[in-house]
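Student: Fold the following, please.
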Amino acid sequence: MHLYARLAWSCAFALALCGQALAAEAQPPVQVALVGCAHIHTPSFIALLKSRADVKIKCVWDHETARARKYAGETGAAVVDDVGKVWGDPDIQTVLILSETDRHEELVLAAAKARKHLFVEKPLGLGAKDAYAMMQAVEAAGVIFQMGYTQRGEGRFLFLKEQLAAGTLGRITRVRAVTAHAGALEGMFDKDFKWVTDFNQSGVGGMGDIGTHSLDLLLLLMGEVEQVTAAVTPGTARYGCDEAGEGLIRFKNGVVGTFAGSWVAASNPITLQVCGTEGSVVFMHDYVYFQSNKVEGATGKRPHAKLPKSLPNVLELFIDAVQGKPDVPLVKIREAAYCSAVMEALYQSVKENKWVAPPLPPDK
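Tutor: Residues are numbered from 1 along each chain as shown. Okay, here's the model as predicted:
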C-alpha cells in the first residue's frame with residue numbers, strides 16, 4: 001500500500017474509533033425503576049446506582065408509600081403510586097425488584113410482559129410453582145435477568161471452579177457450604193425488615209434466607225438434586241421462625257452435600273469445603289486452602305496465594321449487560337428458579353420428616 005494510502009487508512013480507522021468512543025460517552029443513561037424497597041440490601045444497591053454516571057433512578061414504587069417516599073428522597077427520583085405506570089413507561093428499560101418475596105411473582109410477570117430487564121433480589125420465589133412461572137415468563141420475554149447471588153463471583157470461588165475443570169481434586173465425593181451471621185443475636189429484623197421472619201412473606205426462615213447463597217453455590221457446582229432432607233432450630237426464638245438449619249443433599253452425580261444457613265452465628269470460619277479422591281479446597285475465613293496430589297506444592301497447609309480477581313458486584317454486572325457489554329456472567333433465571341424449588345423441598349422435608357425430591361422445571 002502507498003504511504004499516503006496507508007496514512008489515510010490509519011486516520012480513517014482512528015476517526016472511527018474516536019467516533020465509537022464519543023458515541024459511547026453520548027449514550028443516554030439507563031433509566032431504572034425501583035419496584036419494592038423492602039429488601040435489606042436496598043440501601044447498598046441505591047448507593048451503587050447513584051455512583052454510576054450511566055444510570056438514572058427515574059422512579060420508586062412500593063406498596064408502602066412511606067417507604068417509597070423515603071428512598072425516593074434519597075435518590076431524587078419520583079414516587080409512583082401505581083406500579084402500572086412503571087410498566088407503561090417506555091423510557092424505563094430496567095427494574096430492580098427489591099420487594100418482599102411473596103410479591104415477586106406478580107411483579108416479575110408484569111415486568112416481563114412489559115419487556116423490562118430484571119434484577120431481582122434473592123430468593124426468586126416462595127417455592128417451585130411461583131419460581132417456575134417467573135422462569136417461563138422471563139425466558140419467553142427474552143429480557144436480561146440477574147439475581148443477587150454474590151458469592152459465585154468471589155475470586156476464591158472462581159479458583160475452585162478452575163480446579164474442578166482441571167480435575168485436580170479427582171472425583172468429587174463430598175461438598176459443604178455455610179452462610180451465617182449474627183442477625184438474630186443483634187436484632188437485625190426487629191424493625192424495618194421484620195417481614196423476612198414471616199414465612200408467608202418470605203417463604204423461609206434463617207436457614208433459607210441466608211442459606212440460599214450456599215445452596216446456589218452447591219447447585220452451580222454439582223447440578224441436579226435427587227433428594228434432600230433438613231433439620232432446623234428456632235435459635236433464640238426471637239422471631240418465631242427457624243433461625244438456623246442444616247440440609248443434606250443427594251446429588252444425581254452421586255455426590256453427597258450439606259449446607260447450612262444461620263442468623264445465630266457469632267462467627268463462621270469455614271464457609272465451603274469440596275473434597276475429592278485427589279484433593280480438597282477449603283474456604284476458611286478469607287483464605288483458601290488447596291491440597292492436591294496432582295499439583296506440586298499444593299499441600300493445603302497454608303493459604304493459597306494466587307487467586308483470580310473477583311468479579312464486580314452482581315448489580316454492576318447487570319447494568320453492564322443492560323448497557324450492551326458482551327459475555328457478562330449473570331445468574332440464569334433457570335438457576336434461580338431451581339434453587340427456590342430445592343429450598344422448598346428442604347422445608348417440606350422438615351415438616352414431613354422425610355427425604356423429598358425437588359421438582360424439576362415443567363419443560364424437563
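Student: Helix or strand: which one has the residue lying closest to L346 once chain neighbours are set aside?
Tutor: Distances taken as CB to CB, 6 or more residues apart in numbering put A230 closest to L346, at 4.3 Å, once the chain neighbours are dropped. In this view, the C-beta of every residue, glycine as well, is placed from N, C-alpha and C. Assigned by DSSP states H and E, A230 falls within strand 225-233.
Student: so what secondary structure elements neighbour that strand?
Tutor: Packing partners of strand 225-233 (3 or more CB pairs under 8 Å, 6 or more residues apart in numbering; DSSP states H and E): helix 206-222, strand 244-251, helix 333-352.
Student: again, only using 7 Å
Tutor: Packing partners of strand 225-233 (3 or more CB pairs under 7 Å, 6 or more residues apart in numbering; DSSP states H and E): strand 244-251, helix 333-352.
Student: if we compare these, which one ends up closest to T258?
Tutor: Closest to T258 of the helices and strands packed on strand 225-233 is strand 244-251 (CB to CB; 5.6 Å).
Student: quick one: the closest one to strand 225-233, angle?
Tutor: 170 degrees (axes from the mean of the first three to the mean of the last three CA atoms, to 10 degrees).
Student: Quick one: residues in contact with strand 244-251.
Tutor: Strand 244-251 has contacts (CB atoms under 7 Å, 6 or more residues apart in numbering) with 206-207, 211, 218, 222-223, 225-233, 235, 256-264, 346.
Student: Please apply the same query to stretch 283-301.
Tutor: 156, 159, 168-169, 269-272, 278-282, 303-304, 307.
Student: With stretch 339-353 instead?
Tutor: For stretch 339-353, using CB under 7 Å, 6+ apart, the contacting residues are 123-125, 127-128, 131, 204, 208, 212, 215-216, 219, 225, 228-232, 247, 355-356, 358-359.
Student: switch to 6 Å and redo it
Tutor: Residues from elsewhere that reach stretch 339-353, judged by CB atoms under 6 Å, 6 or more residues apart in numbering: 123-125, 127-128, 131, 208, 215-216, 219, 225, 228-230, 232, 247, 356, 358-359.
Student: Distance check, the residue most central in space within the chain against V120.
Tutor: When CA atoms, centre = their mean is applied to the chain, the residue found nearest the centroid is Y149 (1.8 Å). From Y149 over to V120 the distance is 11 Å, taken as CB to CB, to the nearest Å.
Student: quick one: the helices in the stretch 101-250 of the chain?
Tutor: 104-113, 128-141, 155-166, 183-186, 199-202, 206-222 (DSSP state H, counting those that start in this stretch).
Student: tell me which residues of stretch 318-337 are tucked away?
Tutor: Residues 318-323, 328, 330-331, 333-337 are the ones in stretch 318-337 that count as buried (16 or more other CB atoms under 10 Å).
Student: Check stretch 336-356 too.
Tutor: So, applying 16+ other CB under 10 Å, buried residues of stretch 336-356: 336-350, 356.
Student: OK, contacts around G125?
Tutor: Counting by CB under 6 Å, 6+ apart, G125 has contacts A131, S340.
Student: ok, and the closest non-adjacent residue to K56?
Tutor: Leaving aside its sequence neighbours, K56 is closest to P29 (4.4 Å, by CB to CB, 6+ apart).
Student: Work out the gap between stretch 321-333 and the centre of the chain.
Tutor: 13 Å (CA atoms, centre = their mean, to the nearest Å).
Student: Export it to PDB, keeping only CA atoms.
Tutor: C-alpha atoms of stretch 321-333 as PDB (Å, rounded to 0.1, in the frame of the first residue of the first chain):
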ATOM      1  CA  ALA A 321     -25.200  -6.300  30.500                       C
ATOM      2  CA  VAL A 322     -28.000  -3.800  30.000                       C
ATOM      3  CA  GLN A 323     -25.500  -1.300  28.500                       C
ATOM      4  CA  GLY A 324     -24.600  -3.900  25.900                       C
ATOM      5  CA  LYS A 325     -21.400  -5.300  27.300                       C
ATOM      6  CA  PRO A 326     -20.900  -8.800  25.900                       C
ATOM      7  CA  ASP A 327     -20.400 -12.000  27.700                       C
ATOM      8  CA  VAL A 328     -21.300 -10.700  31.200                       C
ATOM      9  CA  PRO A 329     -21.600 -13.600  33.700                       C
ATOM     10  CA  LEU A 330     -25.100 -13.400  35.100                       C
ATOM     11  CA  VAL A 331     -27.300 -15.700  37.200                       C
ATOM     12  CA  LYS A 332     -29.700 -17.500  34.900                       C
ATOM     13  CA  ILE A 333     -33.400 -17.400  35.700                       C
END
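Student: Looking at it now, give me its mean pLDDT.
Tutor: Regarding stretch 321-333, the rounded mean pLDDT is 97.
Student: now do stretch 98-116
Tutor: pLDDT averaged over stretch 98-116 gives 98.
Student: now do stretch 57-76
Tutor: 96.
Student: How about residues contacting it?
Tutor: 31-37, 46, 49, 77-80, 83, 86, 92.
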